[in-house]
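Colleague: Predicted model and sequence below, questions to follow.
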Amino acid sequence: MEIGVFLLFALLAVTSALVVVVHRNPVYSVMSLVVTLVSTAVLFVMLGAPFLAALQVLVYTGAILVLFLFVIMLLNIERETQRTNGGWFKKLAALISAAIFVAIVGSISLQAYTGRFLEALTPESVAIEPLARELFSTYLLPFEIIGLLLLAAVVGATVLARKQDAVSPEKER
Amino acid sequence: MTQELITTLVKITLWLVVLLTTVPVMVWVERRASAFIQDRRGPNRVGPLGLVQPLADALKFIFKEDITPTAADRPLYLLAPLLAVLPALTTFALIPFGPDVVIDGRTVPLIVADVETGVLLLLALASLGVYSLVMAGYSSNNKYSLFGGIRASSQMISYELALTLAVLAALIPVGSFRLDEVVLYQQGTWLGFLPRWNVFPQFIGFMVFLIAAFAETNRVPFDLPEADSELVAGYHTEYSSMKFALFFMGEYMSMATLSALAATLYFGGWHLPGVRFSDTWYWALAQGFGILLMKVALFLLFFVWVRWSFPRFRFDQLMRLGWKVLLPVGIFNLVLVAAMTLAGWL
């Protein structure tokens, strides 16, 4: 039963991830990214990390991907009509992605080969309360720094998006 | 194992029956209440008080021609109405509807999925609802639909933040994401008469939640994704027959689940002070479910009342309210509740 569920969602995650890259219509790509993230969330639940799964669905599929979709629809990006060969940039990106993929698969297989695995997180350690305790004690400084970084990003985005001679909608009317 | 499976299936069936019955009942209530508010008679020909009218409506939906526009993006066009009912049909699993009961010596919690992440998972599932509207708007290949879809996505993202902030504040004094513990926390009374409901100390949070809930369900005064006077019918302009009916059902069922969430977070859920729960499991179930449904019904009536009393917001007003009023107020409420909890007042 468990292996069946795992296979179903693992296959779903991989195929939909492929669709994200291959499909010519960006809207379909975003939709398949939704499927990818939801199926990996299911895998997280099976690994005993329901909190991570809930957060993934809530933050990524519930908010960030909706923004992706919003931008694509707003810009009205047409589907690719013909396959472009891409410039050097695309080739470089492909090379880097391939290198990361090989590195991840390589390190995992190396661990499996030598039998020395990284210390695995237990479901107890990723439960909400212990996780919160760790975040707000051991990792308080990195946590706050990330918070500050995100704040800076929000402020930066607002500054960039604002027009120089912005007129508020009331004055316009 | 099999016993557990059977009790879970029974609980799911119970909720599904209730949720699916809510839709025709709400259609009748909406039409009659709107008539009452506007000093009309409303549907009164089919059955006594027009009670059989929803059945006639359903038959009409089924026999209408089902049209798919030729320019529509077929796969997404067909998927969108299905996704409209999906969040509403899954989120109820996380809402408790009674005390733990003992059946044949086994303790059965009256909640379908008793998981640690509780309300967080509920919010996550509910947040998937926006995809149906966006998909419908995009795939219909119609400018009004597209506008509706774009409005839906920006509106629902904006108000989700305020909603989540309000929910988090309600969880702080409880110290748990489990909704059954939220209900247990709210048992008892203050000063002997005032129920220990979250709505009293967290009235600000409740207002934020309520306003955001209206926006999340796309109800008037925030029904901009379907604003009839500007966008024909918004994201579901091109939908007909049962596909349209599914959007309709999705809206009412989301209203019901959000009402249940509001009742659970702020009004004591299945609990009512002074009610002694029976030891027999089916009586306890009936009591708990009855009390919860009563509260849900009051919320649903409120939704209808507001719909026929308020005009629609303008889109820039909607965005300003969401980001410049609700979000800061939500953060203020969060800090306030946290401080009150630290001070030991809650």
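Modeller: Received the coordinates, thanks.

Colleague: residue boundaries of the helices in chain A?
Modeller: When assigned using DSSP state H, the helices of chain A occupy the ranges A:2-22, A:26-46, A:50-55, A:65-75, A:88-114, A:128-136, A:140-161, A:169-172.

Colleague: which residues touch residue 67?
Modeller: All of this is about chain A. Neighbouring residues of A:Leu67 by C-beta atoms under 8 Å, 6 or more residues apart in numbering or on different chains: B:153, B:157. Using the backbone N, CA and C atoms, a C-beta is placed for each residue, glycine as well.

Colleague: actually chain B
Modeller: B:238, B:240-241.

Colleague: For B:Val134, which of the helices of chain A is the nearest?
Modeller: B:Val134 sits nearest to helix A:65-75 of all the helices of chain A, at 5.5 Å, using C-beta to C-beta.

Colleague: List the buried residues of that closest one.
Modeller: A:65-66, A:68-70, A:72-73 (16 or more other C-beta atoms under 10 Å in any protein chain shown).

Colleague: So which of the helices of chain A is the most surrounded?
Modeller: Between the helices of chain A, helix A:50-55 has the highest mean count of neighbours, a mean of 22, where neighbours are mean count of other C-beta atoms under 10 Å in any protein chain shown.

Colleague: how far is that helix from where the chain is centred?
Modeller: 13 Å (C-alpha atoms, centre = their mean, to the nearest Å).

Colleague: Quick one: list the elements packing against it.
Modeller: helix A:26-46, helix B:118-127 (3 or more C-beta pairs under 8 Å, 6 or more residues apart in numbering or on different chains; DSSP states H and E).

Colleague: can those helices go into a markdown table with extra columns for distance to B:Ala245?
Modeller: Converted to a markdown table, the helices and strands packed on helix A:50-55 look like this (distance: least, C-beta to C-beta, whole Å):
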| stretch | distance to B:Ala245 |
| --- | --- |
| helix A:26-46 | 23 |
| helix B:118-127 | 21 |
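
Colleague: Those into a markdown table, with extra columns for mean pLDDT and distance to B:Pro273?
Modeller: Below are these laid out as a markdown table (pLDDT from 0 to 100; distance: least, C-beta to C-beta, whole Å):
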| stretch | mean pLDDT | distance to B:Pro273 |
| --- | --- | --- |
| helix A:26-46 | 88 | 37 |
| helix B:118-127 | 86 | 23 |
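
Colleague: What residue in chain A comes nearest to chain B?
Modeller: Going by C-beta to the nearest C-beta, chain B is nearest to A:Gly62 of chain A, at 2.9 Å.

Colleague: so what's the residue lying closest to B:Ala58 once chain neighbours are set aside up against?
Modeller: Nearest residue to B:Ala58 in three dimensions, chain neighbours excluded: B:Pro24, at 6.9 Å (C-beta to C-beta, 6 or more residues apart in numbering or on different chains). If a contact means C-beta under 8 Å, 6+ apart, then B:Pro24 has B:54-55, B:57-58 as its contacts.

Colleague: repeat that with 10 Å
Modeller: B:51-55, B:57-58, B:249, B:252 (C-beta atoms under 10 Å, 6 or more residues apart in numbering or on different chains).

Colleague: do the same with A:Phe143
Modeller: A:134-137.

Colleague: For B:Leu59, see how far away the residue of chain A closest to chain B is.
Modeller: As judged by C-beta to C-beta, to the nearest Å, A:Gly62 and B:Leu59 stand 36 Å apart.

Colleague: Please apply the same query to B:Trp190.
Modeller: Distance from B:Trp190 to B:Leu59, by C-beta to C-beta: 51 Å.

Colleague: where does chain A have its least confident helix or strand?
Modeller: Least confident helix or strand of chain A, by mean pLDDT, DSSP states H and E, is helix A:169-172 with a mean of 51.

Colleague: pLDDT score for residue 95?
Modeller: Went with chain A since none was named. As predicted, A:Leu95 sits at a pLDDT of 91.

Colleague: switch to chain B, that's the one I care about
Modeller: 87.

Colleague: Find the nearest non-adjacent residue to it, please.
Modeller: B:Ala260 (4.8 Å).

Colleague: Now that neighbour. Its backbone dihedrals?
Modeller: Note on B:Ala260: backbone dihedrals following degrees, to the nearest 10 are phi -60, psi -40.

Colleague: neighbours around A:Tyr60, how many?
Modeller: Residues near A:Tyr60, counting by other C-beta atoms under 10 Å in any protein chain shown, number 20.

Colleague: That one and B:Ala58, how far apart?
Modeller: Using C-beta to C-beta, A:Tyr60 is found at 37 Å from B:Ala58.

Colleague: Please apply the same query to B:Phe36.
Modeller: Applying C-beta to C-beta, the value for B:Phe36 to B:Ala58 is 23 Å.

Colleague: Hmm, B:Pro69 is touching B:Lys243, no?
Modeller: No. B:Pro69 lies out of contact with B:Lys243 (C-beta atoms under 10 Å); the separation is 11.6 Å.

Colleague: shared neighbours of those two, anything?
Modeller: Contacts common to B:Pro69 and B:Lys243, judged by C-beta under 10 Å, 6+ apart, are B:Tyr77.

Colleague: Give me the more crowded residue out of those two.
Modeller: B:Lys243 (23 against 17).

Colleague: mean confidence for stretch A:124-144?
Modeller: For stretch A:124-144, mean pLDDT is 85.

Colleague: From the chain's centroid, how far away is that stretch?
Modeller: Relative to its chain's centre, stretch A:124-144 lies at 21 Å (C-alpha atoms, centre = their mean).

Colleague: for stretch A:87-99, same thing?
Modeller: 19 Å.

Colleague: With stretch B:119-126 instead?
Modeller: That offset, for stretch B:119-126, works out to 12 Å (C-alpha atoms, centre = their mean).

Colleague: C-alpha coordinates for that stretch, PDB please?
Modeller: C-alpha atoms of stretch B:119-126 as PDB (Å, rounded to 0.1, in the frame of the first residue of the first chain):
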ATOM      1  CA  VAL B 119      -5.700  24.200  10.600                       C
ATOM      2  CA  LEU B 120      -2.500  24.800   8.600                       C
ATOM      3  CA  LEU B 121      -3.500  21.900   6.300                       C
ATOM      4  CA  LEU B 122      -7.000  23.300   6.100                       C
ATOM      5  CA  LEU B 123      -5.600  26.700   4.900                       C
ATOM      6  CA  ALA B 124      -3.300  24.900   2.500                       C
ATOM      7  CA  LEU B 125      -6.100  23.000   0.900                       C
ATOM      8  CA  ALA B 126      -8.400  26.100   0.800                       C
END
